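Trainee: Got a predicted structure here, sequence first:
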Amino acid sequence: MILAAAVPAAAAPNIYGTSGLIEVPDDIVYPVGAVSLAYHVIVEPNDSDENLNFFTLGTGLLPKLDVSGGVETNGGTNAIINAKYRLAPEAVGRPSITIGVVDAAAELSADDNPGIYIELGKSLTAAAEEVSGGRSKPLRGYLGFGTGVMKGVFVGLDWTLAPKLSGMLEYLSKGLENDSHFNVGIRLAISNELRLDAGLFDFSDFTGGISYNLARF
């Protein structure tokens, strides 16, 4: 229990299977040999009769490169293929730089393009403390640009509220909805391996998820 309490709630798959928030990827790359299994659901988005179900798996191939993917079902089945490469880690006065692709086969994209993106990541804790005039919980921000399901601009905030709990807020100019929308959620670390997600997709439809990180093979 002591070890579990010390584990931050970050580093878990988003709905597509790549490490991230809800839709927005982050700058974390899966460790080499590690395997992350996940299931996410969006309950009847846009008042449809079908839930969106995502069954995904991710693993690290090289220290800066990982791959992930799975299937999305909503009456039919679509394959998801992703890859992520961290060009540069964050440094003093410089954000991290990450490139990647989400939905490489373009099966989820409204314009039939793969979700190729570039993203900057930076700790915003010091900036938050300057604004508030007091101490802030760790806050991390992401800004990216892409095509396909990542088309246009996307922004994400990951706020560590407690050692096992984080809050997530993101905006996408397109995304899975093919329209500008916000998502909000929380992530709870049950243990070193197990994460639970819950939130609102487009501030209206419930989304939830569970992920499990296996030991390295």
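Mentor: Yep, that arrived.

Trainee: quick one: the longest helix belonging to the chain to chain centroid distance?
Mentor: Longest helix of the chain, by residue count under DSSP state H: helix 125-132. Centre-to-centre, helix 125-132 and its host chain are 24 Å apart (C-alpha atoms, centre = their mean, to the nearest Å).

Trainee: model confidence over the helix or strand that that helix is followed by, on average?
Mentor: Per DSSP states H and E, the first helix or strand lying C-terminal to helix 125-132 is strand 139-146. Across strand 139-146, the average pLDDT comes to 96.

Trainee: Following element in sequence after strand 139-146, please.
Mentor: strand 152-162.

Trainee: after the helix or strand bottoming out on mean pLDDT in the chain, next one along is what?
Mentor: Taking mean pLDDT, DSSP states H and E as the measure, the helices and strands of the chain show their lowest mean at helix 2-5, namely a mean of 32. Per DSSP H and E, helix 2-5 leads on to strand 35-42 as the next helix or strand towards the C-terminus.

Trainee: And for that following strand, what's in contact with it?
Mentor: 12-15, 17, 19, 30, 51-59, 68, 70, 197, 201, 205-214, 217 (C-beta atoms under 8 Å, 6 or more residues apart in numbering). In short, each C-beta sits where N, CA and C put it, glycine included.

Trainee: Would you confirm that Phe203 contacts His181?
Mentor: Yes - if you go by C-beta atoms under 8 Å, Phe203 and His181 touch, sitting 7.5 Å apart.

Trainee: low-confidence ranges in the protein?
Mentor: Scanning the chain for pLDDT under 70 picks out the ranges 1-10, 47, 132, 215-217.

Trainee: Next, count neighbours for the spatially closest residue to Lys137 that is not a sequence neighbour.
Mentor: Distances taken as C-beta to C-beta, 6 or more residues apart in numbering place Thr160 nearest to Lys137, at 5.4 Å, with adjacent residues excluded. Neighbourhood size, Thr160 [other C-beta atoms under 10 Å]: 19.

Trainee: so Thr160 sits right up against Thr125, yeah?
Mentor: No - in this structure Thr160 lies outside contact range of Thr125 using C-beta under 8 Å: 9.1 Å.

Trainee: Can you give the strand pairings for the host helix or strand of Val184, parallel or anti for each?
Mentor: Secondary structure from DSSP H and E places Val184 in strand 181-189. Here strand 181-189 has these sheet partners by DSSP bridges: strand 165-172 (antiparallel), strand 194-201 (antiparallel).

Trainee: out of those strands, nearest to Gly152?
Mentor: Closest to Gly152 of the strands paired with strand 181-189 is strand 165-172 (C-beta to C-beta; 7.5 Å).

Trainee: tilt between the closest one and strand 139-146?
Mentor: Using axes from the mean of the first three to the mean of the last three C-alpha atoms, to 10 degrees, the direction of strand 165-172 lies 30 degrees away from that of strand 139-146.

Trainee: From the chain's centroid, how far away is strand 165-172?
Mentor: Distance, centroid of strand 165-172 to centroid of chain: 9 Å (C-alpha atoms, centre = their mean).

Trainee: same question, stretch 161-171
Mentor: Centre-to-centre, stretch 161-171 and its host chain are 12 Å apart (C-alpha atoms, centre = their mean).
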